[in-house]
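*Asks:* Show me how the following folds:
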Amino acid sequence: MSGKILKTPSADNIVASVNAAKKSRGLPPLHLWNPPFCGDLDIRIARDGTWFYLGTPIGRPALVKLFSSILKREKGKYFLVTPVEKVGIIVDDAPFVAVDFDQIDGDLHFTTHVGDKMIAGPKNPIRIERNELTGEPSPYILVRSELEALIDRKSFYRLVDIGIHKSLDGQSWFGLISKETFFPIIPSNDLET
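*Replies:* You can find the predicted model right below:
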């Protein structure tokens, strides 16, 4: 035995590790951290962006913001990562929700429920998933490194109001433009049915 005592994963241990490693106001350098996997933690992010710990909503926005800053996705799974531990969590859909946007000089500036800001474009593309049974769209924007935000319904309706039609590969599409990039939402012909 090495004599090193491994702690059982807990929310308190995660907070302590992040606070000890934090040196600036920006996001922690997750790309530099490669700790061992310590197990799963009973944290779940619901589709509406609510974070739950042990089945109870986390009511402290600062704690949710801290956890969201150390969130990482690898091979389709989600983890909270610190310099010394990596724990698995459950994400029902996307880990973030884009709750608002502004159109500034033709570009779409989004804000998530935890305060992340991004401009839709090549580095932060918008994509649409459609429910196979209902056809209902679920729009997403990439926030950072494999982490997306579900664009909330009110924002999506506002986006549809400013959408345009554009020809792509000989087919007309309805979509959005930001940072000189066109993001197709639906074929224009499908809007008529």
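*Asks:* List the beta-bridge partners for the spatially most central residue of the chain.
*Replies:* By CA atoms, centre = their mean, the mean C-alpha position of the chain lies nearest to E148, the distance being 3.1 Å. Applying DSSP bridges to E148 gives these bridge partners: L142.
*Asks:* Please report how far it lies from Q103.
*Replies:* Distance from E148 to Q103, counting by CB to CB, to the nearest Å: 20 Å. All C-beta spots, glycine's among them, are computed from the backbone N, C-alpha and C.
*Asks:* Chain neighbours aside, what residue packs nearest to I89?
*Replies:* Using CB to CB, 6 or more residues apart in numbering and skipping the chain neighbours, the partner closest in space to I89 is I43 (4.2 Å).
*Asks:* ignore the last one, M118
*Replies:* Closest residue in space to M118, ignoring its immediate chain neighbours: N124 at 4.4 Å, by CB to CB, 6+ apart.
*Asks:* Same question for K65.
*Replies:* Using CB to CB, 6+ apart and skipping the chain neighbours, the partner closest in space to K65 is V114 (4.9 Å).
*Asks:* I'd say that neighbour and L63 touch.
*Replies:* No - counting by CB atoms under 8 Å, no contact exists between V114 and L63, whose distance comes to 10.6 Å.
*Asks:* Those two: which has the busier surroundings?
*Replies:* Set V114 next to L63 and count neighbours by other CB atoms under 10 Å: V114 wins out with 21 against 15.
*Asks:* Need the three-state assignment for the more buried one.
*Replies:* coil (DSSP: H, G, I helix; E, B strand; the rest coil).
*Asks:* what do you get for F67?
*Replies:* Using three-state DSSP, the three-state assignment for F67 comes out as helix.
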